[in-house]
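Undergrad: what shape does this take:
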Amino acid sequence: MAIATFSNLSTTFFLQSSYHSHSQYHHRHKSFAITTSSCSLFTSSLSLTVSTTRNKFHHAIVFSSGNGGSVSGGTGGGGGGGGGGGGGHGDHDDQDKSRNRSEAILALAEVGRTFESLPKDLAAAIEAGKIPRSIVCRYFELEKSPIFQWLLNFGGFKERLLADDLFLTKVGIECGVGIFTKTAAELERRRERFMKELDFVFADVVMAIIADFMLVWLPAPTVSLRPPLALSAGPISKFFYTCPDNAFQVALAGTSYSFLQRIGAIVRNGAKLFAVGTGASLVGVGVTNVLINARKVFDKAFAGEAEDVPILSTSVAYGVYMAVSSNLRYQVLAGVIEQRILEPLLHQHKIALGAICFAVRTGNTFLGSLMWVDYARWVGIQKSRE
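TA: Alright, predicted model coming up:
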């Protein structure tokens, strides 16, 4: 007879099974009484007692756990694992993974879900002990919204929404205010030359809008659900595979990042943002040149003072700007200001948190626009027109 009891819990169900051992020619029965509570972000205590009767052998196992490596209530991908410093936490990480697995399975039992009802990558992460109970509970909460349920079908959105349930709000903030803050910053910097340099303004705004989404996407903290790398992967691929998506993100329990891995996150995102910035600039400057040439046809006076924006040099310069300035600003914004400061303080006040994130991201976007104008003039791709 085996009895398992989980204390301080409310929902009860029973599992019974029989096991036949053909080699030992005996018959043994197991019955489990499991009492559980509703899915919450903290488990006050968990105790399991198992007694097994088989001939003359008797075994008893008792263990208890506390918060179970959960993240704080609304943190964007935070984790009980703290900041995750170096990589020499072998035994401690193994204990965290074991606790993650047991508490995540308990969370499934509380809502009557099975591994088969979950996406394969999420089920594999639970089985491997990579995610704590709080992430499983957040997944169930997100499933209740039709929009989020649809977005959870996409791996990239799923990893970011599980880490930060306000991720979609932040995307809307960036893309929604981007065009206004970019234009306002251009007006502030150019002032009376604004209309004369309207071609530059248009190119800057188009580049910014295309890039805004990626500036939220790439540096956003994530819950890693990626499958293992192929055995044939090279050392560089293996290194960047272990790096977080945000250099400053809080590591989940059972996961830790070394200083070198966090630096790798900055380098990897910088390379991606360079490609995004260069591509966005090619589109933006190309459209601008088309409009300039069209205006020259109808406005002969404008033809004398207008000139095509240099496509290649502008695109490369914007790629470098995004890889360095934008990369560092958004890494700090998402990983330090939002995840480590604002969300632990305001995780129970979503409206206030969203409002402050709106203000901070609007200010960051405006600052980035000012810095771009100065940078463009400094490298010589945009010259002041008197």
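
Undergrad: report all helices and strands that the helix or strand hosting residue 287 contacts.
TA: Using DSSP states H and E, residue 287 falls within helix 259-298. If you count contacts as 3 or more Cβ pairs under 8 Å, 6 or more residues apart in numbering; DSSP states H and E, helix 259-298 packs onto helix 198-217, helix 235-241, helix 300-305, helix 311-321, helix 327-332. (C-beta placed from N, C-alpha, C; glycine too.)

Undergrad: check which helices and strands the longest one sits against.
TA: When you say that, I think you mean helix 198-217. helix 167-190, helix 259-298, helix 350-379.

Undergrad: quick check: mean pLDDT of it?
TA: Averaged across helix 198-217, the pLDDT comes to 80.

Undergrad: if we can go back for a sec, in the helix holding residue 287, what's buried?
TA: Within helix 259-298, the residues that qualify as buried are 261-262, 264-266, 268-270, 272-274, 276-282, 284-285, 288-289, 292, 296, counting by 16 or more other Cβ atoms under 10 Å.

Undergrad: what does stretch 120-132 give?
TA: If you call a residue buried by 16+ other Cβ under 10 Å, then stretch 120-132 has these buried ones: 122-123, 125-126, 129-132.

Undergrad: so can I have TSV of these showing secondary structure and distance to residue 104?
TA: Shown next, in TSV, are the buried residues of stretch 120-132 (DSSP: H, G, I helix; E, B strand; the rest coil; distance: Cβ to Cβ, whole Å):
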residue	secondary structure	distance to residue 104
122	helix	10
123	helix	10
125	helix	9
126	helix	5
129	coil	8
130	coil	9
131	coil	6
132	coil	7
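
Undergrad: ok, so of these, who is nearest residue 213?
TA: Among those, residue 122 lies closest to residue 213 (Cβ to Cβ), at 24.5 Å.

Undergrad: quick one: contacts for the closest residue to the closest one other than its chain neighbours?
TA: Once flanking residues are discounted, residue 122 sits nearest to residue 225: 6.1 Å by Cβ to Cβ, 6 or more residues apart in numbering. Counting by Cβ atoms under 8 Å, 6 or more residues apart in numbering, residue 225 touches 121-122, 124-125, 155, 158-159, 162.

Undergrad: sec struct for residue 225, please.
TA: Classification of residue 225 by DSSP: H, G, I helix; E, B strand; the rest coil places it in coil.

Undergrad: farthest-separated two in the buried residues of stretch 120-132?
TA: So, those by Cβ to Cβ: farthest apart are 123 and 132, at 15.1 Å.

Undergrad: isn't residue 163 right next to residue 222, touching?
TA: Yes. Counting by Cβ atoms under 8 Å, residue 163 does reach residue 222; the two are 5.1 Å apart.
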